[in-house]
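**Q** based on what follows, work out the 3D shape:
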Amino acid sequence: MATTRVFRSGEWVTLITRTGIDDGPDYVLVHGIGMAHEYWSDVAEALGRTGTVYALDLPGFGEAPEPEHPPSMPAAGDLLAELVRAERIERPVLVGHSAGAQVVAEAAARHPELFPCIVLIGPTVNPRERTVAKQAGRLAQDLVLAHPKVLTLGLVSYAKAGAGWYLESLAPVMEHEIERTLPKITADTLVIRGERDRIVPRDWAKQAAALVPNGRYAEVPGRGHETMITAGPLVADLIARHARGEAVGREVPRTAPTVRSGEPVQPDAPIASSATVPDAPAPLPPLAAAGWWALDYLDAVRQQLRVLTLPNASKRWSTGDAGKPTILLLPGVYEHWSFMAPLGDDLNRHGYRVQVVHGLGANLLGIFETAARMARALERAPTPPAGFVMVAHSKGGLVGKRMLLSDADRRLGLIGVVAIATPFGGSRLARYLLDPGLREFLPEGATITELTGAASMNSQIVSVFGTFDPHVPEGSVLAGAKNVQVPVAGHFRILSAPETSAAVVAGIESFAVPARAATISAKTPRSA
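**A** Next up is the predicted model:
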């Protein structure tokens, strides 16, 4: 049950809404300019199952009364430290969004003894665009892609604050140079950015993570600046794992960006770089994109015709090394298994036994229903000693993730999924399609939202994607998974590329063989 307390410090009044359980970490959530504690609702609900959540209404926002003047960012950081001491919040995990990230950064830099762990979501302000005009333009760009829920919460919160107080509070935000504060932070820091965030460009968010001595970077696919509203459970999962000390996201190379004054901010020492979460593919010029669309569909036609000449796959791929996992090939929507024949041939040459999935027709059933059918098929089949690895294309990758999530006890023997060109964050192009089976891929739809929020099994997924995917403009980067970009363009062409095959083999080899050997059934193995 939520309770609200009032904290006073001089002229400033902050409201604290407390939810969650008494055990576990203490999460302190700090909103951005113009907003209030309500927009943390989905994140707070998810975090509340693992610890205690303190969501704030900063002075003048939400239900907190408006003071005579807004605090500067250093003063707001001190206010946050004073609040944590007064409320006796031990070892808090500070989480700030947008301008709230500036407050959190100041608190962590000025009071390192209080804050060992912080999270900065969409940290402002990008030093290359520190003008009101540029920030207003960026905000307009972000609002064009905003979810209706974001717009509704924003309008309500901004109306409560009032235009006058918002503009007065904007001055400290624009004056603050967070890039000078970040190198002073000793806390373990995670920077989170929505992939489509127009207010916080990717290069600035990565620089922000690089400036912190113990900084890491994670990106939420298909989301904008208000990612904690549209992908609350996923963001909460990243925060909770970071609080537990897990290596969320990736390290980034330390850099020395140039700030407004022209003086470089020097980091203390270099840190290791990692390619576990590569950037999503950059958009192509329209003419180039149209060319790749055409080539991709020509390849799709060629692969559809291949079925007329292919021999029976079950027989050609039935032999292999029993010490290696058995591979299940699962194609995407409107695809016959022949689309994945080149991968099957190459995997069999590497010693893997390969099985194909029959009985799905055009693969138009819902993702959850398809996963349930697959699970029933695997339950009837004997489990190989080294287990199964699913190699799936497009929708097949989402089916594979659903199967991992529903098979917590590993009864199916599925040890991992290698997903190729999979829309883990959905595809906005689905809204233009009439087929209800394809509209399931809408980024804001129930299926994608649920799968995005369920991140517990992402570490058992390898996501392979190309430089340009006409069907998945949001990209296929999956937070917490091993992400591999291959130098191939196209949604279908990628399946025939030798670079993809090499990435798939490496992905399969990265999965550990189950600790217990599966019981070998006396039944004759058959295709799933």
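**Q** phi and psi next, for A101.
**A** phi -70, psi -30 (degrees, to the nearest 10).
**Q** which element follows the helix or strand where N483 lies toward the C-terminus?
**A** Using DSSP states H and E, N483 falls within strand 482-485. Elements were assigned by DSSP H and E; along the chain past strand 482-485, the next helix or strand is helix 498-510.
**Q** in that next one, what counts as buried?
**A** 500-501, 503-505, 507-508 (16 or more other C-beta atoms under 10 Å). The way it works is simple: take the backbone N, C-alpha and C, and place the C-beta from them, glycine included.
**Q** next one: that helix to chain centre, how far?
**A** 22 Å (C-alpha atoms, centre = their mean, to the nearest Å).
**Q** swap in stretch 79-86?
**A** The answer for stretch 79-86 is 31 Å, by C-alpha atoms, centre = their mean.
**Q** neighbours around I21, how many?
**A** Residues lying near I21 (other C-beta atoms under 10 Å) number 12.
**Q** again with the one 10 residues further on
**A** Applying the criterion other C-beta under 10 Å, we find 26 residues in the vicinity of H31.
**Q** can you pull the phi/psi pair for the closest residue in space to it that isn't next to it in sequence?
**A** Closest residue in space to H31, ignoring its immediate chain neighbours: G100 at 5.1 Å, by C-beta to C-beta, 6 or more residues apart in numbering. Main-chain torsions, G100, degrees, to the nearest 10: phi -60, psi -30.
**Q** before we move on, what about A171?
**A** Dihedral angles for A171 - degrees, to the nearest 10 - are phi -60, psi -50.
**Q** looking at the buried residues of helix 498-510, which is nearest L429?
**A** T500 (22.0 Å; C-beta to C-beta).
**Q** OK, contacts around that closest one?
**A** 343, 420, 464, 466, 486, 488, 494 (C-beta atoms under 8 Å, 6 or more residues apart in numbering).
**Q** and of the residues you listed, the nearest to A109?
**A** V464 (39.4 Å).
**Q** quick one, the host helix or strand of that closest one and helix 498-510 angle?
**A** According to DSSP H and E, V464 maps onto strand 461-465. Using axes from the mean of the first three to the mean of the last three C-alpha atoms, to 10 degrees, one finds that strand 461-465 and helix 498-510 are set 170 degrees apart in direction.
**Q** each with direction, which strands does strand 461-465 pair with?
**A** Sheet partners assigned to strand 461-465 using DSSP bridges are listed as strand 414-420 (parallel), strand 482-485 (parallel).
**Q** point out the most buried one among those.
**A** When the strands paired with strand 461-465 are scored by mean count of other C-beta atoms under 10 Å, the highest mean neighbour count falls to strand 414-420 (a mean of 26).
**Q** who's in contact with the strand holding V464?
**A** Contacts for strand 461-465 (C-beta under 8 Å, 6+ apart): 281, 397, 400-401, 404, 416-422, 424, 472, 475-478, 481-486, 494, 500, 503-504, 507-508, 510.
**Q** buried ones in that strand?
**A** For strand 461-465, by 16+ other C-beta under 10 Å, it's 461-465.
**Q** pLDDT below threshold where in the stretch 151-300 of the chain?
**A** Along the stretch 151-300 of the chain, segments meeting pLDDT under 70 span 151-163, 166, 253-293, 297, 299-300.
**Q** pLDDT score assigned to the closest residue in space to A236 that isn't next to it in sequence?
**A** Leaving aside its chain neighbours, A236 sits nearest to A46 (3.4 Å; criterion: C-beta to C-beta, 6+ apart). The model reports A46 with a pLDDT of 93.
**Q** helix or strand for R88, which one?
**A** Counting by DSSP H and E, R88 is part of no helix or strand.
**Q** likewise for G34?
**A** Using DSSP H and E, no helix or strand contains G34.
**Q** tell me if I'm right that it and L58 touch.
**A** No. Applying C-beta atoms under 8 Å as the test, G34 and L58 come out as separate, 10.4 Å apart.
**Q** how far away is F468 from P342?
**A** 20 Å (C-beta to C-beta, to the nearest Å).
**Q** more neighbours: which of the two?
**A** Neighbours were counted for F468 and for P342 using other C-beta under 10 Å; F468 has more, 23 against 17.
**Q** run through the bridge partners of that one.
**A** Assigned bridge partners for F468, using DSSP bridges, are A489.
**Q** all further residue positions should be reported with the first residue as 39.
**A** With 39 as the first residue, the last one maps to F506.
**Q** what about the strands in this structure?
**A** Taking DSSP state E as the test, the strands found in the chain are 41-47, 50-58, 64-68, 90-95, 130-135, 155-159, 226-232, 253-258, 364-368, 392-394, 426-431, 452-458, 499-503, 520-523.
**Q** T490 is nearest to which of those?
**A** So among the strands of the chain, strand 253-258 is nearest, using C-beta to C-beta, at 8.0 Å.
**Q** CA atoms only: put that closest one into PDB for me.
**A** Extracted C-alpha coordinates of strand 253-258, given in PDB (Å, rounded to 0.1, in the frame of the first residue of the first chain):
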ATOM      1  CA  GLY A 253      29.900   3.600 -15.900                       C
ATOM      2  CA  ARG A 254      28.000   1.200 -18.100                       C
ATOM      3  CA  TYR A 255      25.500   1.800 -21.000                       C
ATOM      4  CA  ALA A 256      22.300   0.100 -21.900                       C
ATOM      5  CA  GLU A 257      19.700   0.900 -24.600                       C
ATOM      6  CA  VAL A 258      16.000   0.000 -24.700                       C
END
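**Q** contacts for it next, please.
**A** With contacts defined as C-beta under 8 Å, 6+ apart, strand 253-258 is touched by 220, 227-233, 240, 243-244, 246-248, 265, 269, 272-273, 276, 280, 285-290, 309, 315, 317-318, 463, 515, 517.
**Q** quick revisit: got JSON lines for the strands paired with strand 499-503, with distance to E257 and mean pLDDT too?
**A** Shown next, in JSON lines, are those (distance: least, C-beta to C-beta, whole Å; pLDDT from 0 to 100):
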{"stretch": "strand 452-458", "distance to E257": "17", "mean pLDDT": "94"}
{"stretch": "strand 520-523", "distance to E257": "10", "mean pLDDT": "90"}
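**Q** figure out which of those strands is closest to G491.
**A** Between G491 and the strands paired with strand 499-503, the tightest spacing by C-beta to C-beta is seen for strand 452-458, at 17.5 Å.
**Q** beta partners of the residue most central in space within the chain?
**A** Centroid-nearest residue in the chain, with C-alpha atoms, centre = their mean: V258, separated by 3.0 Å. Residues in a beta bridge with V258, per DSSP bridges, are G232.
**Q** what's the separation between it and D275?
**A** V258 is 10 Å from D275, by C-beta to C-beta.
**Q** check L118 too.
**A** 24 Å.
**Q** so who does L333 touch?
**A** Contacts of L333 by C-beta under 8 Å, 6+ apart are 527-528, 531.
**Q** format the buried residues of strand 499-503 as a markdown table; extra columns: distance to P108 and pLDDT.
**A** Shown next, in a markdown table, are those (distance: C-beta to C-beta, whole Å; pLDDT from 0 to 100):
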| residue | distance to P108 | pLDDT |
| --- | --- | --- |
| I499 | 44 | 94 |
| V500 | 47 | 94 |
| S501 | 43 | 94 |
| V502 | 48 | 94 |
| F503 | 44 | 93 |
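**Q** out of those residues, which is nearest to I159?
**A** For the buried residues of strand 499-503, the nearest to I159 is S501 (22.3 Å; C-beta to C-beta).
**Q** that older thread, reformat the strands of the chain as a markdown table; add distance to R418.
**A** Conversion of these to a markdown table gives the following (distance: least, C-beta to C-beta, whole Å):
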| stretch | distance to R418 |
| --- | --- |
| strand 41-47 | 52 |
| strand 50-58 | 43 |
| strand 64-68 | 44 |
| strand 90-95 | 44 |
| strand 130-135 | 45 |
| strand 155-159 | 45 |
| strand 226-232 | 42 |
| strand 253-258 | 37 |
| strand 364-368 | 14 |
| strand 392-394 | 13 |
| strand 426-431 | 13 |
| strand 452-458 | 14 |
| strand 499-503 | 25 |
| strand 520-523 | 30 |
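**Q** could you list the low-pLDDT ranges of the stretch 39-188 of the chain?
**A** If you take pLDDT under 70 as the line, the stretch 39-188 of the chain has these spans: 175, 177-188.
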